[in-house]
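> sequence unknown, structure follows:
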C-alpha cells in the first residue's frame, strides 16, 4: 500500500465558524478523522505546516512547502497538500517550477465548504486527492470536484460553486469516476525531481483599463524587478499615455516586462495589431502566449530567483515547464 504525506496549510477545508467568520482551525489529523475509509486507499502520515486563510499565502510559504516535500521525498510515494482555494492556483504554479520533473504525485486540494459542514465538498475532494497521490500521476496537480488539473494550467473561475477550478488552454489530466482515476494525459517526469529554493518576489501585476496612462506602470517598476501587464484582447498597449516610452526606459534599466491578456482563454498574439507590434518587434517585451497569469507570476519569480541576465531569462521564460506554454516565441 502506498505511503502518502498529508501536508496541511489551512484554507476553507480546515476552517471552523468563529465570531469573525470562517477561519482555519483544524489540524491535518482532525481532517483525516473525517475520512476513515482512507485507510483502505493508502497509509497516511500528517504534518501541519501552516494554518492560513490562503489570502495570506506568500512566496515564502511556497518555499516552506518545497522544503517539507524535499526533506520527506524519499520516505513517501506521494504528497497531498490541503490549501485554501483563493490562491491555490498560484501555489500550484509555483510548486510546478520549484519541484520539476517529479515522478511522484504532488496533489493540491481543498474545498468550498469546511469539512464539518453537512453539505461540504471537502470529503470527496480529499479522498480523490489521496487516490491520485497513490496513483501514477507524476508532477504537480490540483484535484477538485473530480477533475485533475495540471498545476501550471489551473485557475479559480468560480467563487462559490463546487466546480471552482478550470484548466486554462489545456485539457484536464483526468477525471475521477466512482473512485477510479481515468487519466487522459500523463505528465512527463524525470527519474528524480529537481528542487529549487530561490524566488525573486519583486514581480508586480497591472491590469490595464481604458484611459490609463503610464503612471501606475512607473510606480510598479520603480519598486519591482518585473511587471506583468494584463492588456486587452490578443495584446497591445494604448498609443497615448506614454506606455511605449515607459517600457523602453525601464527595460534599459534592466527591468523585465511581460505582456499578457485579460481574456481567460486562447492566449495572446501581440504582433497582430499595430498597438502591439512595435512592443514585440522593437522593445522585445516578453509575451505570455497561452500561459495563465498565475503561471506567469510564479515563473518570473522562479526565473529571476536564478538570473537577471536578459538573454537567459528570456530563454527560460519561453522554455516550457510542465506544459505551461504551448506557443514559444518565434
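All right, it came through fine. What you see is a predicted model; the values in this text were computed from it and never measured.
> which of the residues in stretch 159-177 are buried?
Using 16 or more other CB atoms under 10 Å as the test for burial, stretch 159-177 gives 162, 164-170, 172-176. C-betas here are computed from N, CA, C, even on glycine.
> mean confidence for it?
The average pLDDT within stretch 159-177 is 96.
> measure that stretch end to end?
24 Å (CA to CA, to the nearest Å).
> What are the contacting residues of it?
For stretch 159-177, the external contacting residues (CB atoms under 8 Å, 6 or more residues apart in numbering) are 85, 88-89, 112, 121, 128, 131-132, 137, 141-150, 153-158, 181-187, 264-267, 290, 292, 323, 326.
> what sits up against the longest helix along the chain?
Longest helix in the chain by number of residues (criterion: DSSP state H): helix 59-72. Helix 59-72 has contacts (CB under 8 Å, 6+ apart) with 5, 7, 9, 47, 49-50, 52, 79, 81, 91, 94-95, 98-99, 106, 195-197, 199, 201, 301.
> Spell out which helix or strand contains residue 222, please.
Using DSSP states H and E, residue 222 falls within helix 215-223.
> between the helix or strand following that helix and helix 215-223, what angle do the directions make?
Per DSSP H and E, helix 215-223 leads on to strand 226-231 as the next helix or strand towards the C-terminus. Interaxial angle of strand 226-231 relative to helix 215-223 (axes from the mean of the first three to the mean of the last three CA atoms, to 10 degrees): 160 degrees.
> helices or strands up against strand 226-231?
On a contact count with 3 or more CB pairs under 8 Å, 6 or more residues apart in numbering; DSSP states H and E, strand 226-231 meets strand 203-207, helix 215-223, strand 256-261, helix 293-304.
> on that earlier part again, can you add secondary structure and distance to residue 35 and give the buried residues of stretch 159-177 back as CSV?
As requested, the buried residues of stretch 159-177 are exported to CSV (DSSP: H, G, I helix; E, B strand; the rest coil; distance: CB to CB, whole Å):
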residue, secondary structure, distance to residue 35
162, coil, 17
164, coil, 20
165, strand, 21
166, strand, 26
167, strand, 26
168, coil, 30
169, coil, 33
170, coil, 30
172, coil, 24
173, coil, 23
174, strand, 21
175, strand, 20
176, strand, 15
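> can you put the residues you listed in TSV and add distance to residue 284?
TSV is the format used below for these (distance: CB to CB, whole Å):
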residue	distance to residue 284
162	43
164	37
165	34
166	31
167	30
168	25
169	23
170	26
172	34
173	34
174	38
175	41
176	44
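> between those residues, which is nearest residue 310?
residue 169 (26.5 Å; CB to CB).
> Where does pLDDT dip in this protein?
Scanning the chain for pLDDT under 70 picks out 328-330.
> Which secondary structure state does residue 263 sit in?
Secondary structure for residue 263, judged by DSSP: H, G, I helix; E, B strand; the rest coil, is coil.
> That one and residue 234, how far apart?
8 Å (CB to CB, to the nearest Å).
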